[in-house]
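Chemist: Sequence plus predicted model, see below.
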Amino acid sequence: QVQLVESGGGLVQPGGSLRLSCAVSGSIFTINAMGWYRQAPGKQRELVAAKTVGGSTDYADSVKGRFTISVSRDNAENTVYLHMTSLKPEDTAVYFCKAAGWGNMDYWGQGTQVTVSS
């Protein structure tokens, strides 16, 4: 089992920055990739950014050049960050952290709200 706990959401003005964190614990050796997804009201959940254990990254076109995903590792816990800059009102959503593990297992965090508004 893998546990994920997100933090760092909040209210930010357009053009501002925010960093989301996702603490990952449990059977972290089974994880193949980590990612951030978001879901706005009335919309489907979408991929924002992902990073494999090999270091490959993928970003939604809408966030390329503005968002950066990174991973910090120690023995017992990984932390996945999403550094968001030049935020726009359309970035408003609940952001979820996801771990993709062995056997096509997906683990999700509880989500953290990001609101971009003046």
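Modeler: Cool, the structure landed.

Chemist: residue boundaries of the helices in the protein?
Modeler: Counting by DSSP state H, the chain has no helices to list.

Chemist: For Pro96, name its beta-bridge partners.
Modeler: No, residue 96 isn't Pro; it's Phe. Beta bridges link Phe96 to Tyr37, judged by DSSP bridges.

Chemist: where do the strands sit along this structure?
Modeler: For the chain, applying DSSP state E gives strands covering 2-7, 10-12, 18-26, 31-39, 46-52, 57-59, 67-73, 78-84, 93-101, 105-108, 112-116.

Chemist: Can I get those strands in JSON lines including mean pLDDT and mean neighbour count?
Modeler: Any C-beta I mention is one placed from the backbone N, CA and C, and that applies to glycine too. Shown next, in JSON lines, are the strands of the chain (pLDDT from 0 to 100; neighbours: other C-beta atoms under 10 Å):
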{"stretch": "strand 2-7", "mean pLDDT": "94", "mean neighbour count": "17"}
{"stretch": "strand 10-12", "mean pLDDT": "97", "mean neighbour count": "14"}
{"stretch": "strand 18-26", "mean pLDDT": "95", "mean neighbour count": "19"}
{"stretch": "strand 31-39", "mean pLDDT": "95", "mean neighbour count": "20"}
{"stretch": "strand 46-52", "mean pLDDT": "97", "mean neighbour count": "18"}
{"stretch": "strand 57-59", "mean pLDDT": "97", "mean neighbour count": "15"}
{"stretch": "strand 67-73", "mean pLDDT": "94", "mean neighbour count": "16"}
{"stretch": "strand 78-84", "mean pLDDT": "96", "mean neighbour count": "21"}
{"stretch": "strand 93-101", "mean pLDDT": "96", "mean neighbour count": "21"}
{"stretch": "strand 105-108", "mean pLDDT": "94", "mean neighbour count": "14"}
{"stretch": "strand 112-116", "mean pLDDT": "98", "mean neighbour count": "18"}
